[in-house]
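A.B. asks: sequence and predicted structure below; questions after.
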Amino acid sequence: MFNPSEFIKEIEPQLIKFKDEKILAAISGGVDSTTAAVLMYKILGKNVIPVMIDTGFLRKNEANIVKNSLKDIIPIKIIDKSKEFISNLEGLEDAEEKRKKFRDLFYNTLSELIKEYKITYLVQGTIAADWIETQGGIKTQHNVLVQLGIDTEKTWGFKVIEPLADLYKNEVREVARYLGLPKEISERQPFPGPGLLVRIIGRVTKEKLEIEREANSIVEKYLDGKGYSQYFSAILESNKILDQTISADLGEKVFTYKNKATGVKGDVRSFGKIASIDSNCDYDKLRETVQKITKYDITHVLLKLKEKDQDLPYSIAIRAVITEDFMTADFAKIDKGILNKIADEIMDIPKVKEVLYDITSKPPATIEFE
Ligand code: XMP
């Protein structure tokens, strides 16, 4: 049984040795990085400088929300680098290429700050699932460096401190509660470091980013506080074709999309097609259908909720999962009436052709699409 007070007792002596150093703490808005920053700040005080980089891929009003919810706990500086990040990532298509470019931009920004503030250490909220999945080659999580053999001091001029590297998400939440963080942070759903970037499937454009940001805020508005482990939207291009082979095999229409998405097979990464179906079956029956479809080269299966009979460029996928450790996850069986309400509101966003619900568990899908 994990005990947060014992964890802190154990880790404190290892952290206290940095008491004469200046330390930069990078906060992304998720529970891990915030907990790591607050833990360091509580132990070492003002030598810890918490910053949040606005990468342009944050959720709607994210920087202000995080700053306000932490205002009595740590003084966060927001560094606006959105223009630089967006212009460098625009046009990229490949999922891993996007992640690696984001990582470079992110750490180059931190490296500049570290030089400016004359700092030697960076604290970040890497947790066990991040480096296990990155080492396993499933996804290059932007914050996994040391575990990949990257010499951060040589590359960017700082050493990394990762106080939560051996913990799982549920344990991080226990630490957050123990440290007295407000509920809106300790119970906050995780948000990936590269943010909405990993939810823009295929080519990155400003238009897709803004539509995704809006759709995501609608999903969060309806699903906040409902007990799902993670819930969000993703945007993909609406071009789809009827897959003759799978449709014939299943005896119902199965469409596949131009954009692909990441999955996990055994313990390794797979990158396959996204499929969609239109069905009134209940979730148990749908689960069987998904099992059949994902035997083909398909990583995510989406259930159609709403579609316009017009030629429009984008599809929005809603994703909601239930999980303890984020290494495996089950899709959430959300009431179809609620899903349709969310879909109706998203359909009002210009250029959205259809709204779908992801009914794939992890494995064979991953939680994020990229
Ligand atoms: P996947 O998509 O691999 O996600 O099933 C598992 C958990 O990790 C989060 N995630 C990330 N977090 N940097 C992060 O800090 C990343 O690059 C990243 N990629 C995925 C994801 O949101 C989920 O909670």
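C.D. replies: Looks like it arrived, so ask away. Bear in mind the structure is a predicted one, so any value in this text is a computation, not a measurement. Numbers count the residues shown, from 1 in each chain.

A.B. asks: hmm, the helix or strand bottoming out on mean pLDDT in the chain touching the ligand?
C.D. replies: When the helices and strands of the chain are scored by mean pLDDT, DSSP states H and E, helix 128-135 comes last with a mean of 82. Yes: shown here: helix 128-135 in contact with the ligand (CB under 6 Å from any ligand atom) through E133. For glycine as for every other residue, the C-beta is placed from the backbone atoms N, C-alpha and C.

A.B. asks: give the other helices and strands that that helix contacts.
C.D. replies: The contact analysis (3 or more CB pairs under 8 Å, 6 or more residues apart in numbering; DSSP states H and E) places helix 128-135 against no helix or strand.

A.B. asks: and that helix, which residues are buried?
C.D. replies: Buried residues in helix 128-135, counting neighbours by 16 or more other CB atoms under 10 Å, are found at 128-134.

A.B. asks: contacts for it?
C.D. replies: The contact list for helix 128-135 (CB atoms under 8 Å, 6 or more residues apart in numbering) reads 139-141, 143-144, 147-148, 165-169, 325-327.

A.B. asks: strands of this protein, residue ranges please.
C.D. replies: Secondary structure of the chain (DSSP state E): strands at 23-26, 48-54, 77-80, 121-123, 159-161, 230-237, 240-242, 254-265, 268-277, 298-307, 314-322, 330-331, 352-358.

A.B. asks: from what I can see R269 touches I138, true?
C.D. replies: Yes: between R269 and I138 there is a contact under CB atoms under 8 Å: 4.5 Å.

A.B. asks: what do those two both touch?
C.D. replies: T262.

A.B. asks: show me what contacts D278?
C.D. replies: 253, 303-304.

A.B. asks: measure it to D243 for me?
C.D. replies: 13 Å (CB to CB, to the nearest Å).

A.B. asks: among the contacts of D278, the buried ones, what's the PyMOL command?
C.D. replies: Selecting only the buried entries of the contacts of D278 in PyMOL, with 16+ other CB under 10 Å as the criterion:
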select buried, resi 303+304
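
A.B. asks: export the contacts of D278 as a markdown table, with columns for distance to the ligand.
C.D. replies: Converted to a markdown table, those look like this (distance: CB to the nearest ligand atom, whole Å):
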| residue | distance to the ligand |
| --- | --- |
| K253 | 28 |
| L303 | 19 |
| K304 | 23 |
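
A.B. asks: let's have the contacts of D278 in TSV, adding pLDDT.
C.D. replies: TSV is the format used below for the contacts of D278 (pLDDT from 0 to 100):
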residue	pLDDT
K253	98
L303	98
K304	98
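
A.B. asks: burial measure for K46, as a count.
C.D. replies: Counted by other CB atoms under 10 Å, the residues lying close to K46 total 8.

A.B. asks: got a pLDDT number for it?
C.D. replies: Listed pLDDT for K46 reads 93.

A.B. asks: could you do the one 3 residues further on as well?
C.D. replies: Note on I49: pLDDT of 96.

A.B. asks: isn't R59 right up against A215?
C.D. replies: No: counting by CB under 8 Å, R59 does not reach A215; the two are 11.0 Å apart.

A.B. asks: mind checking which of those two has more residues around it?
C.D. replies: Legend: neighbour count by other CB under 10 Å for R59 and A215, higher for A215 (27 against 18).

A.B. asks: check contacts around the closest residue in space to the more buried one that isn't next to it in sequence.
C.D. replies: Once flanking residues are discounted, A215 sits nearest to S233: 4.1 Å by CB to CB, 6 or more residues apart in numbering. Neighbour list for S233: 199, 212, 215-216, 218-219, 316-319, 346 [criterion: CB under 8 Å, 6+ apart].

A.B. asks: and what of L223?
C.D. replies: L223 makes contacts with 231, 320, 334, 342, as judged by CB under 8 Å, 6+ apart.

A.B. asks: out of the residues you listed, which are buried?
C.D. replies: By neighbour count, with 16+ other CB under 10 Å, the contacts of L223 hold 231, 320, 334, 342 as buried.

A.B. asks: could you dump these into JSON lines with pLDDT and distance to the ligand added?
C.D. replies: As requested, those are exported to JSON lines (pLDDT from 0 to 100; distance: CB to the nearest ligand atom, whole Å):
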{"residue": "Y231", "pLDDT": "98", "distance to the ligand": "11"}
{"residue": "A320", "pLDDT": "98", "distance to the ligand": "12"}
{"residue": "I334", "pLDDT": "98", "distance to the ligand": "18"}
{"residue": "I342", "pLDDT": "98", "distance to the ligand": "19"}
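
A.B. asks: P182 against V66, yeah?
C.D. replies: No: contact criterion CB under 8 Å: P182 and V66 do not qualify, at 11.2 Å.

A.B. asks: more crowded one of these two?
C.D. replies: Higher neighbour count among P182 and V66: V66, with 25 against 14, using other CB under 10 Å.

A.B. asks: just give the nearest non-adjacent residue to that one, would you?
C.D. replies: Sequence neighbours aside, G29 is the residue nearest to V66 in space, at 4.8 Å (criterion: CB to CB, 6+ apart).
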